[in-house]
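Asks: Predicted structure and sequence below. I'll ask about it afterward.
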Amino acid sequence: MQNRTSLPSWKKLTSHADEIKQQHMSELFKQDPKRFEKFSIQLAPFLVDYSKNLISDSTMDLLINLAIESDVEAWREKMFNGEKINRTEDRAVLHTALRNRSETPLILEGKDINVDVQLALDKMKKFSDKVRQGLWKGYSGKRITDVVNIGVGGSNLGPQMVTEALKQYSDNSVNVHYVSNVDGTQIANVLRPLNPEKVLFIVSSKTFTTTETMTNAKTAMKWLVSSSFDQSAIAKHFVAVSSNKKNATEFGIDEENIFDMWDWVGGRFSLWSAIGLPIAIDLGFERFIELLEGAYELDQHFCNTPLEENAPVILALLSVWNCTFLGAQSQAILPYDQSLHMLSAYLQQAEMESNGKSVAWDGKSISYSTVPSIWGELGINGQHAFYQYLHQSNNVVPADFIGSVESVTPVQGHHETLMANFFAQTQALMQGVDETQVRADLKAKGRTQDYIDKVAPHKVHKGNRPTNTILMKRISPRSLGSLIALYEHKIFVQGIILQICSFDQWGVELGKGLANNIQEELSTGQLSEQHDSSTTGLINFYQSYTK
Ligand code: G6Q
């Protein structure tokens, strides 16, 4: 396997990075009045402006060459065609098949998986319609008013993020809640105001082995049975989404209440499957289909657009540029839209669990820096909290700004204030303000020379901080579907360029295994000898209070 660092484009990018670091974006803007037109892409649901990155025409040419030399297009085809590109788990990666709106068969191991997908969608439609129309009754014959989704990680973040983002599209015929944490506080708080006669639980777990989810599901079952005094109530109040039918039925869930999942859908890419059931119940099945259609439209863009105009490809290349070549260590996701308040948490998992790795496809250590840590917050809240760091710390944090032209909840006078800040921030991060300007401004305000000498250095903003701006027309099921797919494909391309196995998550396993052992120790009170002195000391301290 050819190491990426030996590619001609990689070598050129390395020396090009040293040159371009000497430049300032504000100068690049002055030199090229067409910079915005050149470095932005307009798609149906949003505009992607990447002109405020430290890039020139040559940078983009070299980055596109890197994508070509990394065979991004061939890998893209392999993914869409169902080749087993998840090599460490020997699985296909086909979340795109879940939202495929074309009629072309997709054969996997001799079977057209479109047929399975369609069957699963039909089942979701029937079920969600029934619940929404009040035809699915609880054990005492009352209609379901509340749905509680129990799941964690990929079986939680996607559907919950979408439910939150599309709240304005819900007719509230059913209230949807999420329980992900094994900390009993969460499930206790969710269940407290609910009436067991009217609650439906969805246990979402691909493997149906996840301890946290199983613990929450058992608590929910106990809560139901202690109200109904009847085990048979479970069939009316519990459904599961899982690829492990055996465990789900052993757990007590009726086989006909189990919604299928497949090996070829990774947890963090699964909201398009029956894992999205709470979304369909909340918004109605037609809206769920619109979400899929939005993602499919972006899939089409990704598959059919030349690399240099391909939004996910460009975003991936810029991430590699900023992190691997220019040395950024983290990236902020900053939505200026209340609906997207969970987006950074969602993308944190999507990108960090996919590409936060340090071994290449061939099992050898990767010498270059891979992906940044992803973090973020709603823009305005962030401005009054950590933007100080974005503007003036010594660490450069590339940021994605995501806003909407139209608010889904127009309240007079609010949206313009929000968006004025949205536009101002990327300008400020790019331009900065130098000391000469700071001094002139202070002088114009009539400040004394002493004051100016003291304060001026603190008011300097170096600028030159890279941002992408994604300006959505409006948040809707369709545009949100496209936005999520944009990031999914960005992550895929990033993984290909960096030669990372994006679709496994071995890093999650180690701690899980240790927790199982320790849980055993906590319940028996017998410590194994194998812990380090810190872990033993902590467990002893804990047990001295719980005994
Ligand atoms: C996602 C990860 C992980 C997974 C959860 C829940 O890609 O694999 O976040 O989704 O650990 O797993 P289950 O759905 O199997 O309970």
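Replies: Done, it's in. Numbering: from 1, shown residues only.
Asks: which residue sits closest to N517 in space, ignoring its chain neighbours?
Replies: The spatial neighbour of N517 that comes closest, neighbours along the chain excluded (Cβ to Cβ, 6 or more residues apart in numbering), is S528 at 6.8 Å. Any C-beta I mention is one placed from the backbone N, CA and C, and that applies to glycine too.
Asks: I'd guess the one you found is in a strand, am I close?
Replies: No: assessed with DSSP: H, G, I helix; E, B strand; the rest coil, S528 is coil; it does not lie in a strand.
Asks: what mean pLDDT would you report for stretch 400-411?
Replies: Across stretch 400-411, the average pLDDT comes to 97.
Asks: right, I mislabeled it, should have said stretch 249-258
Replies: Regarding stretch 249-258, the rounded mean pLDDT is 95.
Asks: buried ones in that stretch?
Replies: By neighbour count on 16 or more other Cβ atoms under 10 Å, the buried set for stretch 249-258 is T249, F251, G252, I253, N257, I258.
Asks: cool, stretch 22-42 as well?
Replies: By neighbour count on 16+ other Cβ under 10 Å, the buried set for stretch 22-42 is H24, M25, S26, L28, R35, F39, S40, I41.
Asks: closest to the ligand among those residues?
Replies: I41 (28.2 Å; Cβ to the nearest ligand atom).
Asks: you'd agree the closest one is up against H301?
Replies: No: counting by Cβ atoms under 8 Å, H301 is not a contact partner of I41; they are 9.1 Å apart.
Asks: shared neighbours of the two, which are they?
Replies: Among the neighbours of I41, those also in contact with H301 (Cβ atoms under 8 Å, 6 or more residues apart in numbering) are N310, A311.
Asks: Just the buried residues of the one helix or strand K123 maps to, please?
Replies: In the assignment (DSSP states H and E), K123 maps to helix 113-132. Within helix 113-132, the residues scored as buried using 16+ other Cβ under 10 Å are I113, N114, V117, A120, L121, K123, M124, K125, F127, S128, V131, R132.
Asks: now swap in stretch 391-399 and tell me
Replies: Using 16+ other Cβ under 10 Å as the test for burial, stretch 391-399 gives H391, V396, V397, P398, A399.
Asks: List the residues that contact the last one.
Replies: Okay, so that is A399. Contacts for A399 (Cβ under 8 Å, 6+ apart) come out as Q331, A332, I333, L334, G376, L390, L429, R465, P466, T467, N468.
Asks: Give me the phi and psi angles of the second one.
Replies: I take that to be A332. Main-chain dihedrals, A332, degrees, to the nearest 10: phi -100, psi 140.
Asks: my guess is it contacts L390, does it?
Replies: Yes: between A332 and L390 a contact is recorded at 6.7 Å, counting by Cβ under 8 Å.
Asks: Distance check, the closest residue in space to N81 that isn't next to it in sequence against V265.
Replies: Of all residues not flanking N81 in the chain, L106 sits nearest, at 7.7 Å (Cβ to Cβ, 6+ apart). According to Cβ to Cβ, to the nearest Å, L106 and V265 sit 13 Å apart.
Asks: Equivalent analysis for I41, please.
Replies: As for I41, its distance to V265 is 28 Å (criterion: Cβ to Cβ).
Asks: residues contacting D32?
Replies: K38.
Asks: hang on, I meant Q383
Replies: Per Cβ under 8 Å, 6+ apart, neighbours of Q383: N421, Q425.
Asks: Show the backbone phi and psi for it.
Replies: When read as degrees, to the nearest 10, the backbone of Q383 gives phi -60, psi -30.
Asks: list the buried ones in the helix or strand encompassing G382?
Replies: Assigned by DSSP H and E, G382 belongs to helix 379-383. Neighbour-count burial for helix 379-383 flags G379, I380, G382, Q383 (criterion: 16+ other Cβ under 10 Å).
Asks: does the second one really touch L418, like I thought?
Replies: Yes: checked against Cβ under 8 Å, the pair I380 and L418 is within contact range at 6.5 Å.
Asks: Residues in contact with both of those two, list them for me.
Replies: Y336.
Asks: coming back round to it: relative to the ligand, which of the buried residues of helix 113-132 is nearest.
Replies: Among the buried residues of helix 113-132, and counting by Cβ to the nearest ligand atom, the member closest to the ligand is A120, at 15.9 Å.
Asks: Give me the nearest residue to the closest one, chain neighbours excluded.
Replies: Of all residues not flanking A120 in the chain, D260 sits nearest, at 5.4 Å (Cβ to Cβ, 6+ apart).
Asks: Relative to S404, how far out is P410?
Replies: Distance of P410 to S404, computed by Cβ to Cβ: 11 Å.
Asks: higher neighbour count, the two?
Replies: Each of P410 and S404 has its neighbours counted (other Cβ atoms under 10 Å); S404 has more, 25 against 9.
Asks: Which residues does stretch 296-308 contact?
Replies: For stretch 296-308, contacts defined as Cβ under 8 Å, 6+ apart pick out 43-45, 60, 64, 67-68, 72-73, 76, 80, 96, 99-101, 310-314, 478, 481-483, 485-486, 489.
Asks: Quick one: buried ones out of the residues you listed?
Replies: Taking 16+ other Cβ under 10 Å as the criterion, what is buried in those is 43, 45, 60, 64, 67, 72-73, 76, 80, 96, 99-100, 310-314, 478, 481-483, 485-486, 489.
Asks: Tell me which stretches of the stretch 251-400 of the chain form strands.
Replies: Counting by DSSP state E, counting those that start in this stretch, one finds strands in the stretch 251-400 of the chain at the ranges 258-260, 330-336, 373-376, 399-404.
Asks: So for S173, which of those sits nearest?
Replies: The closest of the strands of the stretch 251-400 of the chain to S173 is strand 258-260. By Cβ to Cβ, the value is 20.0 Å.
Asks: Need the residues that contact the closest one.
Replies: For strand 258-260, contacts defined as Cβ under 8 Å, 6+ apart pick out 116, 120, 123-124, 127, 239-243, 245, 248-249, 274, 277.
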